[in-house]
Structure formats: structure tokens, C-alpha cells
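Asker: Got a sequence here, can you build the structure:
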Amino acid sequence: MKYLWAAAHRGRQPTEIVKSRQALSRRNRRLNISVSFPNLSVGEPVHDSGVSVFPLFSDRAAEPRYRLGKDAIADDTAVVTEIDEAGSVPELVVENKSDIPILFLEGEELIGAKQNRVLNTSVLVAARSTVKIPVSCVEQGRWRHTSRRFAASQSYSPSTLRSIIRKSVHASKRAHRGHRSDQQAVWRRIAKLQEEHSVESPTHAMADVFEAVEERITGVKENLQYIEGASGLVVAIGDRIVMMDAFDSLETCRQVWSTIISGIAMDAASEEMQECRVDRKDVEELLSRTQSATWEEREAVGEGREYRGELPDGKLATALVLEDAMIHGSVVSA
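Answerer: This is a model prediction of the structure:
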């Protein structure tokens, strides 16, 4: 190896070689990061309609140091709009008018303005700041204002859609193109959802599919309610673990639990019912693989640091970390 290094740097000044070695060292550190997930224990699952939800209990749960985007939008301390009058499909603007950060979660749906969108990654918007956030369109057939501001939806991206977005954003970040998704693949998945549920939507909106199966989704949500003390959840459909979300706070988990379940209920509504064949040991193995994964640090959109990793079975993981505390960590099946 030292001979290859010497050949590659023949003719360069000593200071240049030192700088190159330092740059290589920094790059290697970036590619071999161990993200410190909290120690998570797995509780007894609850089941409904082919869905199994395993609660996760943390030894580090704390009070949140931020507000959730849906609450801040509701009281106008967060204003989400198109980037300008013309708009841009993959970007929106968030203005935080409050004195504390605001957390927007990957997979959240924002409705209104020129077309409905979902977030491509979790973003912590600093106090008294304005940030552009990366999004995907989930309403292909509309490009006109129905409102000037976005509202928060009560629906959440199904795991199948999160998987498509997660995979393409991972590739985009590696290519230094930002948090861009494969928009065509997103639209194809929404079209498939409409076909599966025989929904005709004038604007090809994901929201219209949720409305069409609202009664079924409500039933699943009622049977899979928040489990007291949980700071995260792992969801399996049939014999597959499809996603994991873990938070730094019990209160955050409590507030977003039902919304996340809405997306999972959509997944379940699209599949034939299967008996659950995932047990606690399977979930514990997932957590162990996540803890030991090799992570890459990527530039975060707002505050904090963002890490991305790939598990041996191909599942894709992300973590948003602030001051060494993991705000939101998640794993999505690819």
C-alpha cells in the first residue's frame, strides 16, 4: 500500500502529501461511523389486520427540545409555503417564527399550496430561521394554488412509498445531489395504490386513496394505539419487518404513533391478510444489526447531523443527531 501511495504522490510537495493524507483520514472516519442508538428493549406486540407492532422502550428517553411540525403549523409558529410564486416540485420553504426548533419527519404529508408533498428526510428547523426542505410530490395532476400555506395531514407515507424515497435519496446523497427522490417512481407507486383500491382521483393524489379507505385505516389505528412508555416502534406485515422508527422522547413517539400507523394501515389494506410470523427475536436481531451498521455522515438540511447506513439485508437506515443525542432514527425495508 505504501508503494501505491508513493507512486500516486510522486513529484508533490511534502505539505501537499500531508494534506492528502489528512483528507483521506477524514474521509475514512466519515465512512466508518458508529451511530449511538439508545439501548432499546422490545415489548410484546399488538396485532391487527396482518400488522404486528412491537413497542420499543429506551433507557435514554428525555423531554423533547423541539416542537413537532404539525403542532407548529396549527398555531402558525411554522409557516410552510412554495419557495416562490412559480414554485419548485422538490423544495418547499419553512419559516420557524418561534424560539425553539421545530421537527419535521420523513414521510410526513403536507397538503395545500400548488400540490401535496411528503418530506424526503427528517429536518430540525432552528429557532427563528428559514430553511428549504426536500420533498416529493404526491399529487401529480395539480399545479395551482388551493391555499398559500401548507397544512399538516393526518396521513403518513406507507412503508412502500418510504422505501422508494429512502432508496433514491440514499443514492442522491452519495452522488452529492442533495436529498432528491426519484419523482417518477413516487408517482408510479401512488398510481399503483389508486389501482389497488379502485380509486379515481382527478389530481392523482395520495390523499384521495387515504380518504377512500378511511374507515379501514381508522379501525387499524384504534386497534394499534400507542403503548404507554414506548419511544419507538417496529412494524411487521405478515412475515416481513417493514420499518422501525425510534425517537428521543416518549412524548414525540406518543404524538406521531397514530399518524405513522395510518401509513402502515394503507400498506396492510393493499396486501392479502397473512398470519404474523415475526417474533421478538427477529426484532432484537434488527436492532443489533442497526447498532453495528457502518454509517456515512451526510450534510443535514437543518440543525444537527445526518447519518445514513445500509444493513446487511439491504434495509436502509437514517439517524438525525443533535449534540450526540439521536432525535429520530429509522430503518426502512428496501
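
Asker: so residue 186 touches residue 163, yeah?
Answerer: No. With contact defined as CB atoms under 8 Å, residue 186 does not count as touching residue 163 (10.9 Å). The way it works is simple: take the backbone N, C-alpha and C, and place the C-beta from them, glycine included.

Asker: Which one of those two is surrounded by more residues?
Answerer: Set residue 186 next to residue 163 and count neighbours by other CB atoms under 10 Å: residue 186 wins out with 22 against 19.

Asker: Show the pLDDT at that one.
Answerer: What the model reports as pLDDT for residue 186 is 98.

Asker: Could you do the one 3 residues further on as well?
Answerer: The score at residue 189 is 97. That number is its pLDDT.

Asker: how near is it to residue 267?
Answerer: 11 Å (CB to CB, to the nearest Å).

Asker: can you list residues touching both of those two?
Answerer: Jointly contacting residue 189 and residue 267 under the rule CB atoms under 8 Å, 6 or more residues apart in numbering are residue 160.

Asker: Count the residues that sit near the closest residue to residue 227 other than its chain neighbours.
Answerer: Leaving aside its sequence neighbours, residue 227 sits nearest to residue 55 (CB to CB, 6 or more residues apart in numbering; 4.1 Å). Neighbour count for residue 55, taken as other CB under 10 Å: 22.

Asker: what's across from residue 55 in the sheet?
Answerer: residue 233 (DSSP bridges).

Asker: need the contact list for it.
Answerer: 42-45, 227, 229-230, 232-233.

Asker: filter the residues you listed to the buried ones?
Answerer: 42-43, 45, 227, 230, 232-233 (16 or more other CB atoms under 10 Å).

Asker: quick one: which of those is nearest residue 204?
Answerer: Nearest to residue 204, judged by CB to CB, of the buried ones among the contacts of residue 55 is residue 233 at 30.0 Å.

Asker: Tell me how far the closest one lies from residue 263.
Answerer: From residue 233 to residue 263 the distance is 12 Å (CB to CB).

Asker: Tell me where the chain has helices.
Answerer: 2-8, 14-31, 69-74, 159-174, 183-196, 206-212, 214-223, 250-269, 280-291 (DSSP state H).

Asker: want to throw those helices into a markdown table with distance to residue 332?
Answerer: A markdown table is the format used below for the helices of the chain (distance: least, CB to CB, whole Å):
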| stretch | distance to residue 332 |
| --- | --- |
| helix 2-8 | 38 |
| helix 14-31 | 21 |
| helix 69-74 | 20 |
| helix 159-174 | 5 |
| helix 183-196 | 13 |
| helix 206-212 | 17 |
| helix 214-223 | 19 |
| helix 250-269 | 11 |
| helix 280-291 | 11 |
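
Asker: Out of those helices, which gets nearest to residue 129?
Answerer: helix 69-74 (12.6 Å).

Asker: on contacts alone, who are the packing partners of the closest one?
Answerer: strand 78-82, strand 102-104, strand 150-156, helix 250-269 (3 or more CB pairs under 8 Å, 6 or more residues apart in numbering; DSSP states H and E).

Asker: Format those as a markdown table; extra columns: mean pLDDT.
Answerer: As requested, those are arranged in a markdown table below (pLDDT from 0 to 100):
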| stretch | mean pLDDT |
| --- | --- |
| strand 78-82 | 98 |
| strand 102-104 | 98 |
| strand 150-156 | 96 |
| helix 250-269 | 95 |
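
Asker: ok, now how distant is the residue nearest to residue 227 from residue 277?
Answerer: Distance from residue 55 to residue 277, by CB to CB: 19 Å.

Asker: any idea how far residue 245 is from the residue nearest to residue 227?
Answerer: Taken as CB to CB, the span from residue 55 to residue 245 is 11 Å.

Asker: intersection of neighbour lists for the two?
Answerer: 232-233.

Asker: Show me the residue sitting in the middle of this structure in space.
Answerer: Centroid-nearest residue in the chain, with CA atoms, centre = their mean: residue 106, separated by 3.0 Å.
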